[in-house]
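Visitor: Build me a structure from this.
(one chain, ligands or ions: 1)
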Amino acid sequence: MKSLRHLKIKLKGGLSQLPYLLRSLMLVWAAAKKWTIVWAILLVVQGLLPVVTVYLTQQLIDNLVPALGAGANWEKVRSSLMLVALIGSIILLSQILGSLLNWVRTVQSELVRDYISNLIHEKSIAIDYAFYEIPEYYDRLHRARQDAYFRPVTLLENGGNLLQNSITLMAMAVVLTRFGIWLPLALLISTLPAFYVVVRYSNENYQWWLRTTADERRSWYYYWLLTEMQYAAELRLFGLGEHFKSAYRILRRKLRSERVQLARNESLANLGASAIALVLTAVALAWMVWQAILGRVTLGDLALFYQAFDRGQNVMRSLLGNLGQIYSNMLFLGNLFEFLELPPQTIDSPSARMTPTSLKRGICFDRVTFRYPGSQKAALQNFNLAIPAGKIVAIVGANGAGKSTLLKLLCRLYDPQEGNIKWDDVDLREFPIQHLRRLITVLFQQPVGYNASVAENIGFGDVTASASLSEIIDAARGAGAEEVIDRLPKGYHTLLGKLFESGTELSGGEWQRIALARAFLRQAPLIILDEPTSAMDSWAEADWMERFRQLALFRTAIIITHRFTIARRADIIHVMADGQIVESGSHDELLVLGKLYAQSWQAQINVNS
Ligand SMILES: Nc1ncnc2c1ncn2[C@@H]1O[C@H](COP(=O)(O)OP(=O)(O)OP(=O)(O)O)[C@@H](O)[C@H]1O
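Guide: Got it, this is the predicted structure:
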């Protein structure tokens, strides 16, 4: 009773996933139309072939028995040979179609795989930056990409096999009904336990998969730590290899033992279901033999019955297996569709208008309060700041003061919970996000080094403009990267990074200059640089600001920095502490004020001297 209730609940849960079935099939259709048509035709033909074989076998036996019994009769032998040839051709045809189907399936699954990758990539580009801060998002992404590539095709295959098996089964049932109406029924009943096992274990496997996603991801994380270059040096130096290796092993052992136990239970349940089926087959066969002894059926009939019942049972079992797999694939695919449906939060407002191409008056943070997702503490609280157009503004302050947060809000990676940020007196949310971002160029605190050529690394600053080499050279010169590039074996065509063959690795400071050149390439009215010189030596830093002044001429620049030697050359300096601006003015004004800035300046001077 309890098991039946279980089954009912599970089936109900499965039915709620039914819309995903249609969506998955549409997905396959969208990805590979022609191939899906060919596949369907092949499938129907293949579904009919076993029935034809069974029928021809009966004909052959019924032909052979009198031919052998009553001496050689050329007519009978000839027609028997014809039947043998026909059966042989059909077996051959079935093989050919099988190979053809395999090939079609491979093409289909490759197409679907790429199609789904594209959907996942589109989503991960469009999704809010904030999602990258939520472990739940990674769980979903992990689940979506782990299995999604092959499941729609498997689902379609399951559907196809279901169709093919149903055709075969119906034909077999018709054949069996000739010997007794109860035979197809016995066939059906003999496979019901197998059906129960399929539904139950599809669900248990799925629930287990959901439960263990976080552990799976953690094991992947250890795997990366052990195999990726960026961790390799520390791993060796601190002797962390064994530590992570054993953490990985422990986690994998736990996952493996749970998985093995599930598989063992499933196998045992399957064994029980097969035993029941076997008993029923034996009963049916005994009954048919009895009929043959009584002379009610011929030997050909007996052979036909055995083939039909045995095959029917196999077909029925795989049909139920198909149903179970469809059900299980639908459960899994639910994750992909849930991921694809994640709603973005930072979106264009309906009243978003065209963006101006320049910054005329300036930017203003007006009573802005912002908390990171899931964080209680405000990174910026009732924050006010004015950045006049055409000036170089430096933001300084202790670690965690909220400087980088300010940058992220300006680029609309997040939106503030209270207050607003204005670009020439217009709320940023009034602009289409993509237009706004085109007006800003940024160097992040930890810039990305792409495993691509130097020219590409810089050109990525504005892919829409497809910059010429001379523009790339200008940007490199502005960033002080020219000397670094001249030393490289193929200059601007040198492949950077060690991920691909013949790549050249750069130092931290050299990578930073390349990233700076990328930021400079984009001709945006607002330049934001987060710690642009943190990895530069002091000689390079000294003339950097002067060159930057030239570059930023007629543009507005915000430089977030811990280096007071950089900040002092800015037009205005804002000092941040605990999510607030606490001092503002020029270098000299702040020294006269004698507060936080003056003390920090003194401290840095003392250290340097
Ligand atoms: N993604 C995040 N999720 C939650 N809290 C964050 C996140 N990023 C930063 N914070 C918190 O917000 C506050 C401001 O961080 P922010 O990165 O803006 O500081 P910062 O002034 O740029 O620091 P630094 O000089 O070290 O770069 C800090 O208390 C920090 O812990």
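Visitor: Can you say which helix or strand has L97 in it?
Guide: helix 74-126 (DSSP states H and E).
Visitor: Report all helices and strands that that helix contacts.
Guide: In terms of contacts (3 or more Cβ pairs under 8 Å, 6 or more residues apart in numbering; DSSP states H and E), helix 74-126 is packed against helix 18-31, helix 33-69, helix 135-147, helix 151-177, helix 299-340. Backbone N, C-alpha and C define where each C-beta goes, glycine included.
Visitor: I'd like the mean pLDDT over it, please.
Guide: Helix 74-126 carries an average pLDDT of 87.
Visitor: now that helix against helix 18-31, angle please.
Guide: Helix 74-126 and helix 18-31 meet at an angle of 100 degrees, taking axes from the mean of the first three to the mean of the last three Cα atoms, to 10 degrees as the criterion.
Visitor: what's the spacing between helix 74-126 and its chain's center?
Guide: 29 Å (Cα atoms, centre = their mean, to the nearest Å).
Visitor: Please apply the same query to stretch 374-390.
Guide: 34 Å.
Visitor: Please see if it touches the ligand.
Guide: Yes: shown here: stretch 374-390 in contact with the ligand (Cβ under 6 Å from any ligand atom) through 375, 379.
Visitor: Check which residues of that stretch are buried.
Guide: Neighbour-count burial for stretch 374-390, counted by 16 or more other Cβ atoms under 10 Å, picks out 378-381, 383, 385-387, 389-390.
Visitor: do stretch 133-146 as well
Guide: Neighbour counts over stretch 133-146 (16+ other Cβ under 10 Å) mark 137-146 as buried.
Visitor: One more: stretch 516-536?
Guide: 516-522, 524-536.
Visitor: Just the ones of the buried residues of stretch 374-390 in strands?
Guide: The members of the buried residues of stretch 374-390 that map onto strands under DSSP state E are 378-381, 383, 385-387.
Visitor: which one of those sits closest to the ligand?
Guide: Nearest to the ligand out of those is A379 (Cβ to the nearest ligand atom; 3.6 Å).
Visitor: ok now do that closest one, which residues does it touch?
Guide: Applying Cβ atoms under 8 Å, 6 or more residues apart in numbering, one finds that A379 lies in contact with 370-372, 402, 405, 579.
Visitor: How is the closest residue to it other than its chain neighbours classified with respect to secondary structure?
Guide: Counting by Cβ to Cβ, 6 or more residues apart in numbering, A379 lies nearest to T405, which is 4.4 Å off, once chain neighbours are set aside. Classification of T405 using DSSP: H, G, I helix; E, B strand; the rest coil returns helix.
Visitor: neighbours of T405, just the number please.
Guide: T405 is flanked by 23 other residues according to other Cβ atoms under 10 Å.
Visitor: What sits closest to the residue nearest to the spatial centre of the chain if chain neighbours are left out?
Guide: In the chain, the residue lying closest to the centroid (Cα atoms, centre = their mean) is R145, at 3.1 Å. Leaving aside its chain neighbours, R145 sits nearest to I120 (5.7 Å; criterion: Cβ to Cβ, 6+ apart).
Visitor: circling back: take the ones in strands among the buried residues of stretch 374-390 and lay them out in CSV including distance to W103 and pLDDT.
Guide: Formatted as CSV, these follow (distance: Cβ to Cβ, whole Å; pLDDT from 0 to 100):
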residue, distance to W103, pLDDT
A378, 60, 91
A379, 56, 92
L380, 59, 93
Q381, 64, 91
F383, 62, 93
L385, 64, 94
A386, 67, 93
I387, 62, 94
